[in-house]
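> Sequence below, structure please.
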Amino acid sequence: MNSEFLVIDLASQSPKVASLGDYLFARQGDNRRPLKLWFQQNGVPFSLTDYTVGWEQTNAQKTPLSVEGTTVNGSVNGQVIFYFPSQAFSVVGTVTGHFVLKKDSTVISTIDMNFDVAADNVLMGIDTAPFMTDWENFKASIADQVGTLTANVATAENSVTNLQSSVTDMTAKITSNSVATKTDLANFIGKQGDQALSGNLSVSGNVSADAFNLATGADVGSWSRLKKTGSIFGENQSGIYSYDSTDGSYAPAGVPPYLPDFAKQGHILLTVDGNKKTAHFLEAGLTQINTNGSNTGWIYDRPVYLGSGSLSKGQAITLAADSQYFQYFRVVLKTPTTQRTHIALIYRDDPRMYFEENLSDGFDVSGSMSYVALFIISGTSFKLNYINMTRNGVNTVTPVTSAASIAVFGMSYLI
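A predicted model of the protein is given here:
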């Protein structure tokens, strides 16, 4: 890769596509890949004051993308270092695009340029777009289900209204002795006033009332009056159920692979739609779908804290759960020298973490450092294999020997 600045003359009107091959090498899955640019106009450096620098492209699959990469100004007017985000390298093949300078209503685009994205043998075709897409899809699914439940409640309220109208009509008939006398109804509960009821009250439908309150001092015991289930997929009615995995009452094959201590007792929201059942373990943030009696695997709706510690090369954290239950890990790492915090999502089968520090506060005279941290993950062991550092403009790799502060969170999607 050429280390010099790529000169782009904004006055150029050439119809030919320029190659970035001598200035930019990209592999599928890369992020923050830098490209040194020098914008000029008719050979004169172009001031970038108040301008934003963007990149618009189509990849090998003809998919359009418009991004604003992170930029760092150079030492000369018009110079900038443009850092491409990972979306630009998500597909193997030739990428064609151009840079765009924007300020208020002013838009200046360059001639078209192209570069090749090499294949990453580790990713093997995995889409490197942000995983938040799965999270947004899950939230949309929950919103749809909440909408359905809301509609069911509205239907139940209409039924109660109709029932109240029927009761009013029947009361009028009873008063006129057209149906029965008050003596006949002495052993039944009235509509108003205090009533005593012995035995159990069983309701097959829904109960709804604006003033349905517990007596003063009564305690529902954290929903303890909900039906307690021993196997959630053995239930056939949508609703909220309670469970307890500490006393052995909930221990079927469908027990979640890992429940934090605070979620070993809790509640499950079950939705039944034909042969499809979806169980949401509310306290733990876990979801599982069962279709035609077959489980699809677990999805953790949010990162699960598994452990933390201060690690040097070769030291390990003991995780709270076996790593096999998680596809990804969110690692929060604080560097020992600068005490700066970096967060990355790493894949269980290729647990590498890349990050950079661009400094102007005296820690590093060259201005920036690039790091790579390699972990070894097996069972409940999360070991720091090494952290290596490379200074900007220096080819020497320097191992980091001081201890780094590391916290680990497990993440998983439907498998």
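
> Can you tell me the element T271 falls in?
Assigned by DSSP states H and E, T271 falls within strand 265-273.

> Packing partners of whichever helix or strand comes after that strand?
Per DSSP H and E, the first helix or strand lying C-terminal to strand 265-273 is strand 276-281. Counting contacts by 3 or more Cβ pairs under 8 Å, 6 or more residues apart in numbering; DSSP states H and E, strand 276-281 packs against strand 265-273, strand 286-291. Where you see a C-beta, it was placed from the backbone N, CA and C, and this is true even at glycine.

> what angle do strand 276-281 and strand 265-273 make?
In terms of direction (axes from the mean of the first three to the mean of the last three Cα atoms, to 10 degrees), strand 276-281 departs from strand 265-273 by 160 degrees.

> Check which residues of strand 276-281 are buried.
By 16 or more other Cβ atoms under 10 Å, the buried positions in strand 276-281 come out as 277-281.

> what's the offset of that strand from the middle of its chain?
Centroid separation for strand 276-281 versus its chain: 19 Å, with Cα atoms, centre = their mean, to the nearest Å.

> Tell me the strands beside it, with direction?
Applying DSSP bridges, strand 276-281 is found paired with strand 265-273 (antiparallel), strand 286-291 (antiparallel).

> of all those, which has the lowest average per-residue confidence?
Per-stretch mean pLDDT for the strands paired with strand 276-281 is lowest at strand 286-291 (a mean of 86).

> how close does S66 sit to V91?
S66 is 15 Å from V91, where distance means Cβ to Cβ, to the nearest Å.

> rewinding a little: now distance to S242 too, for the helices and strands packed on strand 276-281, in CSV please.
Conversion of those to CSV gives the following (distance: least, Cβ to Cβ, whole Å):
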stretch, distance to S242
strand 265-273, 5
strand 286-291, 15
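
> Got phi/psi on the closest residue to E4 other than its chain neighbours?
If the residues on either side of it in the chain are set aside, E4 comes closest to K36, at 7.0 Å by Cβ to Cβ, 6 or more residues apart in numbering. Per-residue torsions, K36: phi -80, psi 120 (degrees, to the nearest 10).

> re the thing from before, dump the strands paired with strand 276-281 to CSV, plus distance to L319 and mean neighbour count.
Below are the strands paired with strand 276-281 laid out as CSV (distance: least, Cβ to Cβ, whole Å; neighbours: other Cβ atoms under 10 Å):
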stretch, distance to L319, mean neighbour count
strand 265-273, 22, 18
strand 286-291, 17, 19
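
> Just to check, I346 is in contact with R352?
Yes - counting by Cβ atoms under 8 Å, R352 is a contact partner of I346 at 6.5 Å.

> the more surrounded of these two?
Higher neighbour count among I346 and R352: I346, with 20 against 13, using other Cβ atoms under 10 Å.

> Which strand residues bridge that one?
Beta-bridge partners of I346, as defined by DSSP bridges: F329.

> Make 5 the starting number, not 1.
Fine by me, first position is 5 from now on; the one you just mentioned is I350.

> if I look at the spatially closest residue to V104 that is not a sequence neighbour, how far off is Q65?
Counting by Cβ to Cβ, 6+ apart, V104 lies nearest to G58, which is 4.4 Å off, once chain neighbours are set aside. Separation of G58 from Q65 (Cβ to Cβ) stands at 21 Å.

> Same drill for those two, tell me which one is more crowded.
Shown here are G58 and Q65; by other Cβ under 10 Å, G58 has more neighbours (19 against 9).

> secondary structure element for that one?
Assigned by DSSP H and E, G58 falls within strand 56-62.

> That strand - contacts with which helices or strands?
Going by 3+ Cβ pairs under 8 Å, 6+ apart, strand 56-62 lies up against strand 68-71, strand 83-88, strand 97-107.

> Which parts of the protein are helices?
Ranges of helices within the chain are 136-179, based on DSSP state H.

> what about S246, neighbour count?
That count, for S246 with other Cβ under 10 Å as the rule, works out to 19.

> Show me what it bridges to in the sheet.
Under the criterion used (DSSP bridges), S246 bridges to K232, H271.

> okay but it is in contact with H271, surely?
Yes - checked against Cβ under 8 Å, the pair S246 and H271 is within contact range at 5.5 Å.

> one step back: who wins for proximity to F386 among the helices and strands packed on strand 56-62?
strand 83-88 (29.2 Å; Cβ to Cβ).

> Tell me what angle that closest one forms with strand 97-107.
Put simply, strand 83-88 runs at 130 degrees to strand 97-107, going by the same axes, to 10 degrees.

> Identify all contacting residues around strand 83-88.
Residues outside strand 83-88 that contact it (Cβ atoms under 8 Å, 6 or more residues apart in numbering) are 9, 28, 30, 34-43, 49, 52, 57, 59, 71, 73-78, 103.

> and those residues, which are buried?
Judged by 16+ other Cβ under 10 Å, buried ones among these: 9, 28, 30, 34, 37-43, 52, 57, 59, 73, 75, 103.

> still on that earlier bit, tell me which two in the buried residues of strand 280-285 are the farthest apart.
Once Cβ to Cβ is applied, the buried residues of strand 280-285 give K281 and F285 as the farthest pair, at 13.4 Å.

> In strands, which of the contacts of strand 83-88 fall?
Using DSSP state E, the subset of the contacts of strand 83-88 located in strands is 30, 37-43, 49, 57, 59, 71, 74-77, 103.

> quick one on the thing from earlier: for S70 and V95, indicate the residue with more neighbours.
Using other Cβ under 10 Å as the criterion, S70 and V95 rank with V95 on top: 20 against 11.

> That one contacts Q32, correct?
Yes - with contact defined as Cβ under 8 Å, V95 counts as touching Q32 (7.3 Å).

> Quick check: neighbours shared by these two?
Residues touching both V95 and Q32 (Cβ under 8 Å, 6+ apart) are V121.

> residues contacting T152?
Contacts of T152 (Cβ under 8 Å, 6+ apart): T275.

> Let me know the pLDDT of it.
pLDDT, T152: 82.

> what's the answer for W42, then?
So W42 comes in at 93 (pLDDT).
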